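Asks: next one to model:
(chains A and B)
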Amino acid sequence: MSMYFKLAWRNLFRNKRRTLIAGIAIGVGLASLIMTNALTLGMKDNMIATATSSFLGEGQIHRQKYRETGDVDLTINDLDTVTARLTDDPRIKRYTLRVWSYGMIASPVNVSGISVVGIDPATERYLSQVDDAITDGEYFSGDNRRDIVIGSKLAEIMEVKIGDRVVLTTAQAHSGDLAQEMFRISGIYHFNVEEMDRGMAFVRLGVAQEILGLEGQVHEIVLKFTQSDIGMDEKHPFWSEYSEDGNEAVAWTVLLPQIKVAFEMSDLSTLIVGIILFAVVSLGIINTLFMSLYERMFEFGVLRAVGTRPGGMAVLILYEAGALAIISIIIGGIIGFVGTYILSQVGIDYTGIEFVGVTFRKLLYPVLTPSQFIVFPFWVFLFTVVVGLYPAWYAARMTPADAMRKSM
Amino acid sequence: MAGNEQHDVIVARDVRKTYAENGVPVEAVRGVSFTITSGEFSALVGPSGSGKTTLLNIISGLDSLTSGEVLLDGRELSAMSGRELSDYRRDSVGFIFQAYNLIPVLTVEENVEYVMLLQGVAKDERRERVHTILTELGLEGFAHRLPPKLSGGQQQRVAVARAIVSEPALILADEPTANLDSKTGAELLDMMRELNQRRGMTFLFSTHDTMIMERARRLITLKDGMIDSDTGES
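Replies: Sure thing, here's the model as predicted:
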């Protein structure tokens, strides 16, 4: 066996240029797989981070039916008990409370329909990036109850700037009576998400509860876990534990199902890219092995003549395929690592681009993982050897006389 | 190892081989019968196209026969499977080719020990036998060289070493001197003759080289695929 491997390894280097070209071709295929996977992982991380840390959180608790109806009357049942449990729950890193309502904002020059969100600025900053997205003014810096933070697009439509007054009109819970309150623009944010920049305004939680007549009540508890895996696992016991007393707790993947579908599509894309790459690469492998085989036909005849069994010939070709795979894996691993590492350092600028409802807000950094250098090379090796079965079978069934027809 | 008692190594009876060349049947060997006894130093001779190489291929199991019978050490050749034929060639036949046909990526030592590797000979014994045979053939300083770094004569001596190292009963040599100058060719033939006499190895050449014809003890002359004359062993 070691002689066959020695033969195979040395045979590969008889035509260094051809082996190098074949190795690069297969290696580039492997590198492409590594980079595609790293990019996909980076995109997932980026999308999850964007989706969960921008505003959504890793999970939310609402009153049942609230998500479907948006009914302002449907506040969380037994809020004090729920928050007390969350405070003591070691799985919870942070949580914040929100009140939501639809309303109308009016400036001296324009009127616009928006979502009004009452937030607790102190805890909200750990769950969302509203504070980070402030481009003008401040994020609820003092204790002025009339502070309102609006999106850049809304400010443009309303033609307002920091310090300008706006009037917010909304319908109160339960009674449905209209309530109005005057606010002063204290901050303008830019999320680069049309829906948020144009259609949302943030006020203090207490003020929102007061306007809506929802003293001590909220519509939404936003969660951040100590282990972010919980947010990815819709079947985690956490969700059922908090889905009681008429409330429901759901993971962010439930709130943004399209992102999960996008991930599945992304995995499928990687698989398809992989299959196409492997198909192309397989032709290269077969071509290389057959060229090498035809070039040494007489030599194979000699090997058969001196007593090498047909199976031995097949083993020799398979070893050559394996040796080619090893060379390709080294080349592909280096190209894949260097290329991905550079990209993971400089990042890829997709900021501002929206994909399945999530707008990339940060540079996309491909993620290198050890498995990319174990799993993909393993498949390349296996695939190369499997593809090598055809030329191996061909070599095994050659009769010595056919192979040596030039002489003897 | 060839024994001292004489026995029939090759028995060919009415061997025929027909090729299809461009769809036209060509009779390369037409009813050839002969027997090679152990210890012979014989040659199949004849002009190109006379069928000597085809006959050598059939005898060695490298090619199939169309009809007739070939017995190798009493075993019917056509009854052997591909694997049995491989094992037969590995254990009982040594080949010497016109163009040396050493494996260029293996060193002299590795080329010579290849057959023993296939036979499963232990490493120490392999090395010992390789060393002995290379010394015997004047190749002791070339063990770690690759064949392309050797002269034609040296390569053919390595080919001889490869053929005889496992001490097969039969050595088949196809035009072994064709690519050598006359002096080197003569030296090589003398060496093979000595091996034949000293070790009792059976040699069967395919040739039209007069040097071989002069040294062979028996000449089987082929013409148009048939035996034209057979001198018998002298």
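Asks: now do stretch A:15-28: distance to the chain's middle.
Replies: Centroid separation between stretch A:15-28 and its chain, computed with CA atoms, centre = their mean, to the nearest Å, is 33 Å.
Asks: can the helix or strand harbouring residue B:25 be found next to chain A?
Replies: Per DSSP states H and E, residue B:25 falls inside strand B:24-37. No - using CB under 8 Å from any CB of the partner chain, strand B:24-37 stays clear of chain A, with a minimum separation of 11.4 Å. Every residue, glycine included, has its C-beta placed from N, CA and C.
Asks: is the most centrally placed residue in chain B within a helix or a strand, and which one?
Replies: With distances taken as CA atoms, centre = their mean, the residue of chain B nearest its centroid is residue B:172 (1.2 Å). According to DSSP H and E, residue B:172 maps onto strand B:170-174.
Asks: paired strands for that strand, with orientation please.
Replies: strand B:93-96 (parallel), strand B:202-207 (parallel) (DSSP bridges).
Asks: downstream neighbour of it in the secondary structure list?
Replies: On the C-terminal side of strand B:170-174, the closest following helix or strand by DSSP H and E is helix B:182-199.
Asks: any idea of the mean pLDDT for that following helix?
Replies: Across helix B:182-199, pLDDT averages out at 85.
Asks: residues contacting that helix, please?
Replies: B:1-2, B:39, B:41, B:137, B:152-153, B:156-157, B:160, B:164, B:167, B:171, B:173, B:176-177, B:180, B:201-203, B:209, B:211-212, B:215 (CB atoms under 8 Å, 6 or more residues apart in numbering or on different chains).
Asks: return the subset of those residues lying in strands.
Replies: Judged by DSSP state E, strands contain the following of the contacts of helix B:182-199: B:41, B:171, B:173, B:202-203.
Asks: just the residues you listed now: which is nearest chain A?
Replies: Closest approach to chain A among the ones in strands among the contacts of helix B:182-199 (CB to the nearest CB): residue B:173, at 9.7 Å.
Asks: right, and the closest one touches residue B:209 too?
Replies: No - between residue B:173 and residue B:209 there is no contact under CB atoms under 8 Å: 10.6 Å.
Asks: give the contact list for the residue in the stretch 251-400 of chain A that chain B sits nearest to.
Replies: Using CB to the nearest CB, the closest approach of the stretch 251-400 of chain A to chain B is made by residue A:307 at 2.3 Å. By CB under 8 Å, 6+ apart, the contact set of residue A:307 is B:86-87, B:89-91, B:115, B:118-119.
Asks: next, the distance between the ends of stretch A:139-149.
Replies: With CA to CA, to the nearest Å as the measure, stretch A:139-149 spans 7 Å from end to end.
Asks: can you give me the distance of residue A:149 to residue B:54?
Replies: Residue A:149 sits at a distance of 96 Å from residue B:54 (criterion: CB to CB, to the nearest Å).
Asks: swap that for residue B:115, sorry
Replies: Separation of residue B:115 from residue B:54 (CB to CB) stands at 24 Å.
Asks: next one: residue B:230
Replies: Counting by CB to CB - residue B:230 and residue B:54 are separated by 17 Å.
Asks: quick one, which of the two is more surrounded?
Replies: residue B:54 (24 against 15; other CB atoms under 10 Å in any protein chain shown).
Asks: just how off-centre is the longest helix along chain A within its chain?
Replies: Scanning chain A for the longest helix, with DSSP state H as the assignment, gives helix A:257-295. Remark: helix A:257-295 is offset 21 Å from the chain centroid, using CA atoms, centre = their mean.
Asks: run the chain-centre distance for the helix or strand that it is followed by.
Replies: Going down the chain from helix A:257-295, the next helix or strand is helix A:297-305, by DSSP H and E. Taking CA atoms, centre = their mean, one finds helix A:297-305 lying 54 Å from the centre of the chain it belongs to.
Asks: for helix A:297-305, list the C-alpha coordinates in CSV.
Replies: Only the C-alpha atoms of helix A:297-305 are listed here, as CSV (Å, rounded to 0.1, in the frame of the first residue of the first chain):
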residue,chain,number,x,y,z
MET,A,297,-0.6,3.8,-20.5
PHE,A,298,2.4,1.8,-21.4
GLU,A,299,3.7,2.1,-17.8
PHE,A,300,0.4,0.8,-16.5
GLY,A,301,0.8,-2.1,-18.9
VAL,A,302,4.3,-2.7,-17.4
LEU,A,303,2.9,-2.6,-13.9
ARG,A,304,0.2,-5.1,-14.8
ALA,A,305,2.8,-7.2,-16.6
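Asks: is it in proximity to chain B?
Replies: Yes - judged by CB under 8 Å from any CB, helix A:297-305 and chain B are in contact via A:298-299, A:301-305.
Asks: got any ranges where the chain has weak pLDDT?
Replies: No chain in the question, so chain A it is. Applying pLDDT under 70 to chain A flags residues A:1, A:357, A:405-408.
Asks: chain B, not that one
Replies: Within chain B, the stretches with pLDDT under 70 are B:1-5, B:233-234.
Asks: tell me which helix or strand the residue in it positioned nearest to chain A sits in.
Replies: Closest to chain A within chain B is residue B:90: 2.3 Å, counting by CB to the nearest CB. For residue B:90, the element it lies in under DSSP H and E is helix B:82-92.
Asks: so that helix versus helix A:297-305, what angle?
Replies: 80 degrees (axes from the mean of the first three to the mean of the last three CA atoms, to 10 degrees).
Asks: which residues are in contact with helix B:82-92?
Replies: So helix B:82-92 is contacted by A:304-312, B:60-62, B:72-73, B:75, B:77, B:80, B:95, B:115, B:118-119, B:166, B:168-170 (CB under 8 Å, 6+ apart).
Asks: ok, now stretch A:29-39?
Replies: By CB under 8 Å, 6+ apart, stretch A:29-39 touches A:269-270, A:273-274, A:277-278, A:280-281, A:328-329, A:331-333, A:335-337, A:339-340, A:343-344, A:348, A:364, A:366-369, A:372-373, A:376-377, A:380.
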